[in-house]
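Chemist: Got a predicted structure plus its sequence, pasted below:
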Amino acid sequence: MPITPFQVTLWIELLAAGLGGLQGALFAAGLRTRRIDVLGVIAIGLAVALGGSLLRDVVLNRPPVVIWSNWYLIVAGGAAVLGMALAPLAARGSWLITGLDAVVMGLFGAIGASKALSLGVGVAGALVVGVIGAIGGGMLRDVMLGLPFSFLHVGTLYAVAAGAGAGTLILLAGLGVAVPIAGLVCVAVTTLLRVAAVRFEWTFPEQFAVRRRPDKP
């Protein structure tokens with residue numbers, strides 16, 4: 001699949017980091033089952049902002065952008081502090097957090113898939129990298145908070161939304177659509193599918209244990 005070389009600009013990475021830090025801090029501040037101090041809220045915000053990028057760059061064997069860029073930690077940390085200040089908004093409803101989470105997933109998925117394609121990674125590999133970038137921050141957040149992984153929950157379609165968005169970008173890029181436009185479509189697909197899954201409670205069938213039939217006498 002011929003892909004025109006494309007370099008993700010720094011401001012897109014910083015936008016994703018900022019929204020990730022904001023969403024992570026709002027998520028942590030809104031938890032009622034955990035007692036988290038100010039430093040903990042900021043740390044969770046940073047985890048969401050940095051997790052996907054770190055995992056993506058490790059998989060791609062690239063220098064982690066969150067370390068080499070001076071602005072990445074500054075933007076993510078500042079957004080986390082802002083999220084902590086806006087915590088009362090999280091108490092009024094979960095839709096703000098869900099919407100931000102979906103947008104952040106879409107952004108990091110688009111960045112991950114487009115970076116993989118620009119490095120010559122195959123279609124399947126680019127899809128995996130896109131999904132890893134999309135859900136990596138949420139995974140790190142869940143680990144730090146001792147929560148089950150969000151993408152394993154019944155009813156969230158977490159990884160499905162990430163895969164659908166990244167797959168759309170890869171398909172459009174293969175058809176010759178400019179990567180920035182394909183990236184916007186990726187974010188839209190991921191966001192809409194994720195929010196719709198929560199709103200309409202779309203689920204995959206839950207796994208049931210295979211019941212052994214009682215032996216006949």
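Modeler: Thanks, I have the structure now.
Chemist: wait, Asp57 sits on Pro64?
Modeler: Yes. With contact taken as C-beta atoms under 8 Å, Asp57 and Pro64 are classed as touching, separated by 4.5 Å. (Each C-beta comes from the backbone N, C-alpha and C, glycine too.)
Chemist: out of the two, which sits in the more crowded spot?
Modeler: More neighbours surround Asp57 than the other of Asp57 and Pro64, with 20 against 15 (other C-beta atoms under 10 Å).
Chemist: helix or strand for the more buried one, which one?
Modeler: Taking DSSP states H and E as the definition, Asp57 sits inside helix 38-59.
Chemist: which other residues reach the following helix or strand past that helix?
Modeler: Of the helices and strands lying after helix 38-59 in sequence (DSSP H and E), the nearest is helix 65-68. When contacts are defined by C-beta atoms under 8 Å, 6 or more residues apart in numbering, helix 65-68 is touched by residues 13, 17, 50, 53-54, 57, 72-73, 76.
Chemist: related to what we said a few turns ago, helices and strands around the helix holding Asp57, which ones?
Modeler: For helix 38-59, the contact count by 3 or more C-beta pairs under 8 Å, 6 or more residues apart in numbering; DSSP states H and E identifies helix 10-29, helix 65-68, helix 70-85, helix 95-118, helix 123-145 as packing neighbours.
Chemist: pLDDT below threshold where in the protein?
Modeler: 1-7, 89-93, 153-155, 205-217 (pLDDT under 70).
Chemist: one more time with 90
Modeler: Along the chain, segments meeting pLDDT under 90 span 1-13, 25-42, 64-73, 83-98, 142, 145-159, 197-217.
Chemist: re earlier: now do the helix holding Asp57: distance to the chain's middle.
Modeler: Between the centre of helix 38-59 and the centre of its chain there are 11 Å (C-alpha atoms, centre = their mean, to the nearest Å).
Chemist: list the buried ones in it?
Modeler: 40-57, 59 (16 or more other C-beta atoms under 10 Å).
Chemist: just stretch 121-131 next, same as before
Modeler: Going by neighbour count (16+ other C-beta under 10 Å), the buried part of stretch 121-131 is 121, 123, 125-131.
Chemist: Please list all residues in contact with the closest residue to Arg34 other than its chain neighbours.
Modeler: If the residues on either side of it in the chain are set aside, Arg34 comes closest to Leu145, at 6.4 Å by C-beta to C-beta, 6 or more residues apart in numbering. Shown in contact with Leu145 (C-beta under 8 Å, 6+ apart): 28, 31, 34, 44.
Chemist: tally of neighbours for the residue nearest to Ile36 when sequence neighbours are not counted?
Modeler: For Ile36, the nearest residue in space outside its immediate sequence neighbours is Ala28; the separation is 5.4 Å by C-beta to C-beta, 6+ apart. The burial count assigned to Ala28 is 26, neighbours taken as other C-beta under 10 Å.
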